[in-house]
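Peer 1: With the input below, show me the fold.
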Amino acid sequence: MSLRQGGIAPDFQTTDMFGDAVRLSDLRGQPLLLSFMRYASCPMCNLRVRELVLAHERLSRDGLVMLVVFQSTAESMQEYVGRHDAPFALIPDPDMTLYRLFEVERGWAGLLAPSNVVHAVRAFSKGFAPGRIEGPFDRLPADFLIGADGRIELAYYARAAGEHVPLDEVSSWLKRNPPIVASEVTA
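Peer 2: A predicted model of the protein is given here:
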């Protein structure tokens, strides 16, 4: 079972890899990309974080907030993902509480998908090598585009370990879903 478009995103309160509080409902009024990765040293996940870091300035100008969740500990995330110096929250979830809340899936077929070869080669060519595996190795990524009203506009459950919602699709969605202006919230 998966979360569907149109429903309110489940609220959660947690901390990022530096111990700073993150609460989903505090981000209401802003469009949000909530991305679930695999483990902190996953080459394909690190490639995606790099892509998000490079696109952050452009996407945040249009009001997008990004949260990225890993099934790893904060220490592992600082060792591997911390190298990106991401301008958005990176959230450790080694107990996989958020993965269960958002019904993020696992599957060996997705891990063995032929398309992963292309993603892995791209990741390796950028210098991302595999390291310590934490959590289920067969985890598949998921991305959620959550509107300013807290509703899930897109629930993208990957069918392969290297898949994510394309950033062009995020940009197009963002143009149709701007942040809510403070005066609109109080009106």
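Peer 1: At which residues are the helices of the chain located?
Peer 2: Secondary structure of the chain (DSSP state H): helices located at 43-61, 74-79, 97-101, 108-111, 115-125, 167-176, 182-186.
Peer 1: Give the full set of residues in contact with the residue positioned nearest the centre of the chain.
Peer 2: Nearest to the geometric centre of the chain sits Ser35, at 1.2 Å (C-alpha atoms, centre = their mean). Counting by C-beta atoms under 8 Å, 6 or more residues apart in numbering, Ser35 touches Arg48, Leu52, Met66, Leu67, Val68, Val69, Pro141, Ala142, Asp143, Phe144, His164. C-beta coordinates here come from the backbone N, C-alpha and C atoms, glycine included.
Peer 1: mind putting these in JSON lines, distance to Asp20 included?
Peer 2: Formatted as JSON lines, the contacts of Ser35 follow (distance: C-beta to C-beta, whole Å):
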{"residue": "Arg48", "distance to Asp20": "22"}
{"residue": "Leu52", "distance to Asp20": "18"}
{"residue": "Met66", "distance to Asp20": "15"}
{"residue": "Leu67", "distance to Asp20": "12"}
{"residue": "Val68", "distance to Asp20": "14"}
{"residue": "Val69", "distance to Asp20": "14"}
{"residue": "Pro141", "distance to Asp20": "23"}
{"residue": "Ala142", "distance to Asp20": "23"}
{"residue": "Asp143", "distance to Asp20": "22"}
{"residue": "Phe144", "distance to Asp20": "21"}
{"residue": "His164", "distance to Asp20": "24"}
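Peer 1: Please tabulate those in a markdown table, including the columns pLDDT.
Peer 2: Output for the contacts of Ser35, formatted as a markdown table (pLDDT from 0 to 100):
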| residue | pLDDT |
| --- | --- |
| Arg48 | 97 |
| Leu52 | 98 |
| Met66 | 98 |
| Leu67 | 98 |
| Val68 | 98 |
| Val69 | 98 |
| Pro141 | 97 |
| Ala142 | 97 |
| Asp143 | 98 |
| Phe144 | 97 |
| His164 | 96 |
